[in-house]
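1. structure for the following, please:
(one chain, ligands or ions: 1)
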Amino acid sequence: MLDQIKETYDFLRNQIGDFQPAVGIVLGTGLGKLVDDIEIQYEVSYEDIPNFVKPTVEFHSGRLLFGILGDKKVVCMQGRFHFYEGYTMKEITFPVRVMKQLGIETLVISNAAGGLNPEFNVSDIMIIEDHISLLLPSNPLLGENIMGDRFPDMSEPYTKGMITRAFEIAKEHNLKGIVKGTYVSVTGPQLETKAEYKMLRNFGADAVGMSTVPEVIVARQMNIPVFGISVITDLCDPENLEVADINKIIAAAGKAEPTMTFLIKEIVKG
Ligand code: HPA
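-> Take a look at the predicted model:
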């Protein structure tokens with residue numbers, strides 16, 4: 001894989017010259033509009049990037065963007081790869097390894113998630129404090145260790161300082177619906193049964209989704225500080241479960257998008 005990372009790095013370097021991103025951003029389902037706030041300098045379609053797999057989910061446009069957000073140089077994945085699309089964990093997390101080579105010092109990662117915590121409301125923004133991986137038994141670190149620690153520490157996968165800062169920003173700017181909690185990742189693509197929601201809540205999770213954890217594991221293995229956001233798109237209360245409607249999920253993500261974008265812009269300022 002090191003050869004592939006180098007090939008992809010060389011390809012991108014050739015496109016972006018000496019542009020040096022400080023922050024990597026991964027945008028989740030229905031959360032692509034943050035790119036409107038990026039002063040884009042270079043844009044590369046995933047299809048053109050050697051060793052990137054092709055996205056299959058229609059909501060994702062699949063572009064790697066390089067530009068300025070606020071006062072920071074960023075590289076932004078508009079659209080991510082999911083395990084349920086049939087890719088391997090190594091394929092899903094490959095872009096994070098490439099972003100590390102490009103020089104990122106922080107990873108900001110977002111997703112659309114179902115709310116398990118009964119206090120949560122649709123379109124709340126959950127700052128991720130911790131995670132549980134139920135993307136088992138797969139894991140991007142299985143096999144030969146090519147970069148970073150063999151046994152990465154996971155005592156603080158999401159940097160406390162940035163979590164605290166997010167709540168300060170929320171207070172300073174009177175942002176509503178900012179909550180925090182534990183994200184649990186499942187494979188999907190089917191949504192969960194009532195019994196599964198009950199189990200996930202009993203495990204201690206506040207939100208459930210089908211992404212994020214693989215990228216965070218890889219980022220932490222390479223010592224990249226991570227800030228994570230889940231936008232709560234639907235409520236997963238087993239006693240009052242409604243039939244999931246993907247259009248409603250996308251609409252709920254859209255409603256939270258301006259606040260999420262503002263928060264990310266402020267966090268990225270440092
Ligand atoms: N499960 C339930 N609800 C969701 C999910 C999920 O994985 N993602 C977004 N809403």
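
2. OK, contacts around the residue in the chain that the ligand sits nearest to?
-> Among the residues of the chain, Gly114 lies closest to the ligand, at 2.4 Å counting by CB to the nearest ligand atom. Where C-beta positions appear, they are placed from N, C-alpha and C, glycine not excepted. Applying CB atoms under 8 Å, 6 or more residues apart in numbering, we find Gly114 in contact with Leu191, Glu192, Tyr197, Ala207, Val208, Gly209, Ile232, Thr233, Asp234, Leu235, Cys236.

3. my guess is the fifth one contacts Met199. True?
-> Read that as Val208. No. Between Val208 and Met199 there is no contact under CB atoms under 8 Å: 10.4 Å.

4. so for these two, which sits in the more crowded spot?
-> Val208 (27 against 15; other CB atoms under 10 Å).

5. and that one, helix, strand or coil?
-> strand (DSSP: H, G, I helix; E, B strand; the rest coil).

6. ok, now which ones touch it?
-> Ala113, Gly114, Leu116, Tyr183, Val184, Ser185, Val186, Glu192, Tyr197, Leu200, Cys236.

7. can you add pLDDT and secondary structure and give those residues back as CSV?
-> CSV is the format used below for the contacts of Val208 (pLDDT from 0 to 100; DSSP: H, G, I helix; E, B strand; the rest coil):
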residue, pLDDT, secondary structure
Ala113, 97, strand
Gly114, 97, strand
Leu116, 98, coil
Tyr183, 98, strand
Val184, 98, strand
Ser185, 98, strand
Val186, 97, coil
Glu192, 97, coil
Tyr197, 98, helix
Leu200, 98, helix
Cys236, 97, coil
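
8. which positions in the protein make contact with the ligand?
-> For the chain, the contact set with the ligand under CB under 6 Å from any ligand atom comprises 112-114, 186, 188, 191-192, 208-210, 233-234, 236, 249.

9. skip the chain neighbours and tell me the closest residue to the most centrally placed residue in the chain.
-> The chain has Ile109 as the residue nearest its centroid, 3.0 Å off, counting by CA atoms, centre = their mean. Ranked by CB to CB, 6 or more residues apart in numbering and with sequence neighbours excluded, the top spatial neighbour of Ile109 is Val26, at 4.5 Å.

10. doesn't that neighbour fall inside a strand?
-> Yes. Counting by three-state DSSP, Val26 is found in a strand.

11. separation between it and Asn247?
-> Separation of Val26 from Asn247 (CB to CB, to the nearest Å) stands at 23 Å.

12. which one's more surrounded, those two?
-> Val26 (26 against 7).

13. what sits against the more buried one?
-> Cys76, Met77, Arg80, Pro95, Val96, Leu107, Val108, Ile109, Ser110, Thr212, Glu215.
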